[in-house]
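Asker: Okay, sequence plus prediction incoming.
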Amino acid sequence: MTSTVTEEPWDSADGVRLRAAMQAELAARYRMEDQEPEAPTAETIDVYVIARDAGGEATGCGALRFLDDGTAELKRMYVVPESRGTGVATGILRALEDRARQHGIGAIVLATGTGQPDAIRFYEREGYRRTAGFGPFAGHPMARCFTRRLDG
């Protein structure tokens, strides 16, 4: 599937729709509403991208929050179910990694959860390594944290 990934405003209509779909899916998987501490906002996200198919339909999104230690946290990575397995997620991830490098970021960290084995497999396949955790996710029993160095 051919898609393009571009930076777009956090509060764009497609961005709001994609994040709402992601939250609904996660609520169903975990059987609870969003429990994330410090949920991202337009003010706390530094890069937000949306993938679009050849017809212009929004098929996925992802964001970066730059942290004080020269790393970035991957946030709100989501691909609509009908576009999974087509390379959209990899395109979003690579676009975010490229933007992180452009901003001098040396590594990306992320947290996913035990209820997302598909996400865990994806990040491992894409070169992310398990870590003990970071910030509010350190030691959380349902969190699975990963990192990837971008500078070597």
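Answerer: That came through fine.
Asker: For the rest of this, base every contact and every neighbour count on C-alpha atoms.
Answerer: Will do.
Asker: Which parts of this structure are helices?
Answerer: 13-30, 88-102, 117-125 (DSSP state H).
Asker: Which one, of those helices, ends up nearest to residue 141?
Answerer: Residue 141 lies closest, by C-alpha to C-alpha, to one member of those: helix 13-30, at 13.0 Å.
Asker: Return the residues in contact with the residue of the chain positioned farthest from its centre.
Answerer: No residue in the chain sits farther from the centre than residue 55, which is 23.1 Å out by C-alpha atoms, centre = their mean. Neighbour list for residue 55: empty [criterion: C-alpha atoms under 8 Å, 6 or more residues apart in numbering].
Asker: Next one: it relative to residue 119, how far apart?
Answerer: 26 Å (C-alpha to C-alpha, to the nearest Å).
Asker: Distance check, residue 57 against residue 15.
Answerer: 12 Å.
Asker: now residue 130
Answerer: Counting by C-alpha to C-alpha - residue 130 and residue 15 are separated by 28 Å.
Asker: Between the two, which is the more surrounded one?
Answerer: residue 15 (21 against 17; other C-alpha atoms under 10 Å).
Asker: Just the pLDDT for the more buried one.
Answerer: In this model, residue 15 is scored at 97, pLDDT.
Asker: before we move on, the earlier item: nearest to residue 151, out of the helices of the chain?
Answerer: Using C-alpha to C-alpha, the helices of the chain put helix 88-102 closest to residue 151, at 7.8 Å.
Asker: Just list what that closest one packs against, helices and strands only.
Answerer: Where contact means 3 or more C-alpha pairs under 8 Å, 6 or more residues apart in numbering; DSSP states H and E, helix 88-102 is packed against strand 3-7, strand 47-53, strand 58-66, strand 71-79.
Asker: Can you list the strands that the second one pairs with?
Answerer: Looking at strand 47-53 with DSSP bridges, its paired strands and their directions are strand 3-7 (antiparallel), strand 58-66 (antiparallel).
Asker: In contact with the residue lying closest to residue 29 once chain neighbours are set aside, which residues are there?
Answerer: Excluding the flanking residues, the one nearest residue 29 by C-alpha to C-alpha, 6 or more residues apart in numbering is residue 115, at 6.1 Å. Contacts for residue 115 (C-alpha under 8 Å, 6+ apart) come out as 29, 30, 142.
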